[in-house]
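>>> Next one to model:
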Amino acid sequence: MKIQWTPTTQQEAEEMAGWKYPAPYDFYDMTADEDDLELFINPEKRSPHTYSAHKDGELIGFLTVDLKNHPAVDLGLGMRPDEAGRGQGESFVQSCLCFATERYQARAFTLSVATFNKRAIAVYERVGFKKKHTFMQATNGGQYEFLSMEK
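Residues are numbered from 1 along each chain as shown. Modelled structure (predicted):
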């Protein structure tokens, strides 16, 4: 999958904030958590390390790179709902890893995923991530179990 990465514009952030996933993945709708939505939609609060993924000129996903443990970086990523679940996850994640390596000279990667999301966990394992530990996190109005993974 050939992806072009560009800094996320306000228009793109607003478009992505409106993406609606089918259940049970609606957990990842940005509108499901007001604090997360605010961090993404507000240009003054959005990470300057948030990028939009474009394939054939179409917005298909995003990537946020957290540099607090650089050269290890933490990734937050997502695909447009109609792109998810269609066998493109592995190449999308590989593109995220390549971009973060080139742009930030990242040497290691971490990410967190809801434990119910077996589909994403399988993709992350196929690209080399290892399960580390689970933890509870407050989000979407409740406490949910997440899996920490690293590569």
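>>> drop to CA atoms for contacts and neighbour counts, all remaining ones
Noted.
>>> Flag every buried residue along the lengthiest helix in the chain.
Secondary structure of the chain per DSSP state H: the longest helix is helix 89-104. Buried residues in helix 89-104, defined by neighbour count with 16 or more other Cα atoms under 10 Å: 89-90, 92-97, 99-101, 104.
>>> Show me what that helix is packed up against.
helix 118-126 (3 or more Cα pairs under 8 Å, 6 or more residues apart in numbering; DSSP states H and E).
>>> ok and the helix or strand just after the helix it packs on relative to helix 118-126, angle-wise?
Under the assignment DSSP states H and E, the closest C-terminal helix or strand after helix 118-126 is strand 130-139. Interaxial angle, strand 130-139 versus helix 118-126 (axes from the mean of the first three to the mean of the last three Cα atoms, to 10 degrees): 140 degrees.
>>> Parallel or antiparallel, which strands does strand 130-139 pair with?
Applying DSSP bridges to the sheet, strand 130-139 is found paired with strand 142-150 (antiparallel).
>>> Contacts for the longest helix of the chain next, please.
1-3, 5, 63, 65, 71, 106-107, 120, 123-124, 126-127 (Cα atoms under 8 Å, 6 or more residues apart in numbering).
>>> what would the buried residues of helix 89-104 look like in TSV with pLDDT?
Below are the buried residues of helix 89-104 laid out as TSV (pLDDT from 0 to 100):
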residue	pLDDT
89	92
90	95
92	96
93	97
94	97
95	97
96	97
97	97
99	97
100	97
101	97
104	96
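>>> Just the closest of these to residue 52, please.
Taking Cα to Cα as the measure, residue 52 lies nearest residue 96 of these, at 10.5 Å.
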